[in-house]
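K.L.:
Structure for this input, please:
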Amino acid sequence: MSTVALLGAAELGLVFALVALGVFISFRILDFPDLTVDGSFPLGAAVAATLILADWNPWVATGIAMLAGAASGIVTATLNVRFKILHLLASILTMIALFSINLRVMGRPNVAILIQDTVLTPFYDLGQTLGLSDAVVRPLFVLAVVLVVVALLARFLTSEFGLAMRATGVNARMARAQGVSTDLHIYVGMALSNALVGLAGALFAQTNGFADVTSGIGTIVIGLAAVIVGETVVRSRVIVWMLVGCVVGSILYRIAIQVALNADFIGLRASDLNLVTALLVAGALILPRIRNPLKARASAEATSR
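P.N.:
Numbering: from 1, shown residues only. All right, here's what the predicted structure looks like:
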């Protein structure tokens, strides 16, 4: 695999690390199966690309994309908390609605922003001054964004409000007995989760030069794969290391996909992407059971009861 391909895989892995962090909040922190991300990812891309085409400041466009993602998370939370719709069904309803909304936002199935200024434009100029190619500048920029997000999330999840949110996901009934407003924490958690996914979509559009209404298909699978691979590689219950594990898992996942698709002796094609994803996720789930079969059996028995 060439250096350019490796850098491209790392760049895409870092972009989807933001998705993984969002999925981590919904699935691991809130215990809320959320499929909204398949709609909020292209929503972030669509909003950012459309505003950039309209000559908005790219940073403002990216911020609004995050707000749009947060709004989609609040819609899902409202359907679940206020109207008592099952969380999985609520997220599916929002995801389906967002497909039409994304088409409305863009006005067509895809939008190109190849020649427009983006948040990366000043860093391209700086990279040329330092002798760095665009292929190096993009992953470095996204890495800086991801590190800032990880630091802020770690601080938030170890704060009093963040601890209450984690308690909501572990045992909502006990949290309510301790005076925690579980409904509020679900709203905030879902908004934060999808805001990160919206940010990922906005960065995806600006690093790749386009936004497409179908770019969100399979986003939830990629996010889950990154979380699961990260938990397998970084085995820690400390929140900051769990967040780092999501980032590492996302990068390893994208590199593994790139290696598999570029290995000629395996004979895989680009159309085999979903198959490779399924095999990687299955392997990440099976590996801990192979390492510690007794613990896995005890966990399965506890679940069956």
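K.L.:
contacts and neighbour counts: CA atoms only from here.
P.N.:
Will do.
K.L.:
for residue 229, helix, strand, or coil?
P.N.:
Assigned by DSSP: H, G, I helix; E, B strand; the rest coil, the conformation of residue 229 is helix.
K.L.:
no wait, residue 55
P.N.:
With three-state DSSP as the basis, residue 55 sits in coil.
K.L.:
Read off the pLDDT value for it.
P.N.:
With respect to pLDDT, residue 55 has a value of 96.
K.L.:
That one and residue 101: what is the separation?
P.N.:
21 Å (Cα to Cα, to the nearest Å).
K.L.:
Settle it for me: which of those two has more neighbours?
P.N.:
Of the pair residue 55 and residue 101, residue 101 is the one with more neighbours under other Cα atoms under 10 Å, namely 16 against 12.
K.L.:
distance of the more buried one from residue 88?
P.N.:
In this view, residue 101 and residue 88 are 20 Å apart by Cα to Cα.
K.L.:
go on, residue 151?
P.N.:
Residue 151 is 29 Å from residue 88, by Cα to Cα.
K.L.:
what's the answer for residue 3, then?
P.N.:
As judged by Cα to Cα, residue 3 and residue 88 stand 40 Å apart.
K.L.:
Need the residues that contact stretch 248-258.
P.N.:
Contacts to stretch 248-258, defined as Cα atoms under 8 Å, 6 or more residues apart in numbering, come from residues 5-6, 9-10, 12-14, 16-17, 20, 222-223, 225-231, 233, 273, 276-277, 280.
K.L.:
Filter those down to the buried ones, PyMOL style.
P.N.:
Per 16 or more other Cα atoms under 10 Å, the buried members of the contacts of stretch 248-258 correspond to this PyMOL selection:
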select buried, resi 6+9+10+12+13+14+16+17+20+222+223+225+226+227+228+229+230+231+276+277+280
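K.L.:
Just to be sure, which of the contacts of stretch 248-258 are found in strands?
P.N.:
Members of those lying in strands (criterion: DSSP state E): none.
K.L.:
which residues does residue 15 contact?
P.N.:
With Cα under 8 Å, 6+ apart, residue 15 has these contacts: 142, 200, 203-204.
K.L.:
Can you show me the helices along the stretch 51-200 of the chain?
P.N.:
58-81, 87-106, 121-130, 134-157, 160-170, 172-177, 182-208 (DSSP state H, counting those that start in this stretch).
K.L.:
low-confidence ranges in the stretch 1-150 of the chain?
P.N.:
For the stretch 1-150 of the chain, the stretches flagged by pLDDT under 70 are 1.
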